[in-house]
Every structure is written in structure tokens, then in C-alpha cells.
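Peer 1: Let's see this in three dimensions:
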Amino acid sequence: MPEWVYLCRIDEVPNGRGRTIEAAGARLAVIRDGDSVVVISDHCPHAGGSLGSGWVEDGELLCPLHRWRFRHRDGRCTTTRGHDVHPYRVKLDDSAVWAWL
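Peer 2: Residues are numbered from 1 along each chain as shown. Prediction:
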């Protein structure tokens with residue numbers, strides 16, 4: 001049954017970067033872009049790169065392996081259509097990041 005799961009503190013994710021977190025059996029990328037924090041699947045569909053090791057440019061997350069681009073707000077791949085990653089619902093509670101898993 002889905003529930004809110006604690007992932008990390010917001011200050012543990014550098015601005016403009018991602019961080020990989022394992023929670024509830026899922027490998028997730030927590031992405032911070034200014035005041036916005038999003039959570040998507042960590043696995044890049046192209047070559048399996050860790051999206052949590054990526055960085056943000058122009059509102060998109062870049063995979064560190066081959067620089068495939070994903071809109072971090074919804075997981076849509078802008079490099080090649082149809083290779084999107086799953087976004088998760090997020091809530092921020094004080095300094096904590098939670099995801100609906």
C-alpha cells in the first residue's frame with residue numbers, strides 16, 4: 001500500500017544536482033533546483049546511468065553517462081521521445097523530503 005516515505009533532508013541535496021536514495025525497495029533520484037525538489041526514478045532508460053548523479057540545466061536533468069535530458073518536474077525525456085522516467089509525488093515538511101511510494 002502506498003505511503004509517504006522519508007527520503008532525506010533538503011540540505012543534503014546540493015542545488016542544481018541530484019542525489020540517489022534507496023527507499024521502500026525503489027532506487028530514486030532526488031533533484032533540487034532552487035526551491036523546487038522533485039523525485040524521479042534513478043535509472044536512465046538509455047544506458048542505465050544514475051540520474052541522481054546528474055545535474056540540472058535549463059529546468060532539465062542531465063544523465064551523467066550520455067547527457068540524455070529529462071524534465072525533472074515530470075520525468076519526460078526531451079532527448080528521445082518515449083523514454084520517460086517515472087515521477088513521484090513529493091512533499092516538503094520543514095527540512096525533510098518525502099515521496100509517495
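
Peer 1: only C-alpha atoms for contact and neighbour calcs from this point on.
Peer 2: Fine.

Peer 1: Verify the stated contact: Cys77 with Asp84.
Peer 2: Yes: with contact defined as C-alpha atoms under 8 Å, Cys77 and Asp84 form a contacting pair (4.7 Å).

Peer 1: intersection of neighbour lists for those two?
Peer 2: Residues touching both Cys77 and Asp84 by C-alpha atoms under 8 Å, 6 or more residues apart in numbering: Phe70.

Peer 1: what sits up against the host helix or strand of Phe70?
Peer 2: In the assignment (DSSP states H and E), Phe70 maps to strand 69-71. Here strand 69-71 makes contact (C-alpha under 8 Å, 6+ apart) with 59-63, 76-79, 84-85.

Peer 1: and if you look at stretch 7-20?
Peer 2: With contacts defined as C-alpha under 8 Å, 6+ apart, stretch 7-20 is touched by 21, 23, 27-34, 37, 42, 50-57, 95-99.

Peer 1: Out of those residues, list just those in helices.
Peer 2: Nothing among those maps onto helices, per DSSP state H.

Peer 1: Not counting its neighbours along the chain, what's nearest Leu61?
Peer 2: Sequence neighbours aside, Phe70 is the residue nearest to Leu61 in space, at 5.1 Å (criterion: C-alpha to C-alpha, 6 or more residues apart in numbering).

Peer 1: Next, count neighbours for that neighbour.
Peer 2: Per other C-alpha atoms under 10 Å, the neighbour tally for Phe70 reads 26.

Peer 1: do the same with the one 4 residues further on
Peer 2: For Asp74, the neighbour count with other C-alpha under 10 Å is 17.

Peer 1: Ser53: neighbouring residues, count only.
Peer 2: Per other C-alpha under 10 Å, the neighbour tally for Ser53 reads 19.

Peer 1: Which pLDDT value goes with the closest residue to it other than its chain neighbours?
Peer 2: Excluding the flanking residues, the one nearest Ser53 by C-alpha to C-alpha, 6+ apart is Gly18, at 5.6 Å. Looking at Gly18, its pLDDT is 94.
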